[in-house]
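Asks: Sequence plus the predicted model coming up.
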Amino acid sequence: PMGLFRYQAVESSGKKFSGAIDADSLQDAKLKLARLQILALRIAPVTEKEMQKRLDRAELLALTREISRLLQAGLPLFDALSALEEKYRGNKRPHQILVDLCKQVSSGHALSEALLRHKATFDILYISMVHNAEKTGSLASCFEELSQLLFRQMRLRKQIVSSLLYPSMLAAFCLFVFSALLFFVVPSLQELFEGRTLHPFTRIVFSTSRFVCNAKIELSLFTVSLI
């Protein structure tokens, strides 16, 4: 069975770059690189763990959009994947995935089966939509829908983060002020009220301050665990 090999090479200008290539063996990988006139400095097989490295949302969206455009332009699936494999050489994570997808598709596997090998990047909804599109012959429109879905998901995440940012900062500031009062300000005022009759609320404040000061280690551990 063919495997995936990662290599580091050098251009004629002396600039180093990296990429991946599928081959039957290490020797076969060296021969393929020699035919492509790529001067490889180091070649190593790509492990299953490295294959599962996840693309971030922005990378996945860009890749999905480009596949959609190439398919809508009339390119066959394998040609579209091959074109992107050439484009992404030097960009380690997308390139490794594209090389593997090209290898699986050229071996006769369905694209949805190839995507299953990269579950860390392509979730079950993504793979299911591609699988259904393969049955109906509508891969181009499927990737267009996926790119729109990913874009909406990213926009929604940004909106949620923006919505939560101000309340989170406000809560953190209030917690800081409250902690400063209980740990520093209130204890420094206790001597002023010794021997005096205190209002019930004042006694509660002083008792709370004493409690948190005596249990600050436990409270710190609880806060870290909660976070």
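Replies: In hand now; what should we look at?

Asks: Lowest mean pLDDT among the helices and strands, pick that one out for the chain.
Replies: helix 48-51 (a mean of 64; mean pLDDT, DSSP states H and E).

Asks: Can you name every helix or strand that the lengthiest helix in the chain contacts?
Replies: Longest helix of the chain, by residue count under DSSP state H: helix 139-180. Secondary structure elements in contact with helix 139-180, counted by 3 or more Cβ pairs under 8 Å, 6 or more residues apart in numbering; DSSP states H and E, are helix 57-72, helix 124-136. C-beta: built from backbone N, CA, C; applies to glycine.

Asks: tell me the average confidence for the shortest one?
Replies: Meaning helix 124-136. Computed over helix 124-136, the mean pLDDT rounds to 95.

Asks: buried ones in that helix?
Replies: Residues of helix 124-136 classed as buried by neighbour count (16 or more other Cβ atoms under 10 Å): 126-127, 129-131, 133-134.

Asks: check contacts around the residue nearest to residue 43 when sequence neighbours are not counted.
Replies: Nearest residue to residue 43 in three dimensions, chain neighbours excluded: residue 7, at 4.6 Å (Cβ to Cβ, 6 or more residues apart in numbering). Counting by Cβ atoms under 8 Å, 6 or more residues apart in numbering, residue 7 touches 18-21, 29, 33, 38, 40-44.

Asks: Any figure for the gap between the most centrally placed residue in the chain and residue 203?
Replies: With distances taken as Cα atoms, centre = their mean, the chain has residue 56 as the residue nearest its mean C-alpha position (3.4 Å). Going from residue 56 to residue 203 by Cβ to Cβ, to the nearest Å gives 54 Å.

Asks: Reformat the buried residues of helix 124-136 into JSON lines and put distance to residue 175 next to each item.
Replies: JSON lines is the format used below for the buried residues of helix 124-136 (distance: Cβ to Cβ, whole Å):
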{"residue": "126", "distance to residue 175": "40"}
{"residue": "127", "distance to residue 175": "43"}
{"residue": "129", "distance to residue 175": "44"}
{"residue": "130", "distance to residue 175": "46"}
{"residue": "131", "distance to residue 175": "48"}
{"residue": "133", "distance to residue 175": "50"}
{"residue": "134", "distance to residue 175": "52"}
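
Asks: Closest one of those residues to residue 142?
Replies: residue 133 (3.4 Å; Cβ to Cβ).

Asks: Isn't the closest one up against residue 144?
Replies: No - look at residue 133 against residue 144 with Cβ atoms under 8 Å: they stay out of range, at 10.4 Å.

Asks: I'd assumed the residue nearest to residue 43 was in a helix, is it?
Replies: No - applying DSSP: H, G, I helix; E, B strand; the rest coil, one finds residue 7 to be strand, outside a helix.

Asks: tell me which element residue 108 is part of?
Replies: For residue 108, there is no enclosing helix or strand under DSSP states H and E.
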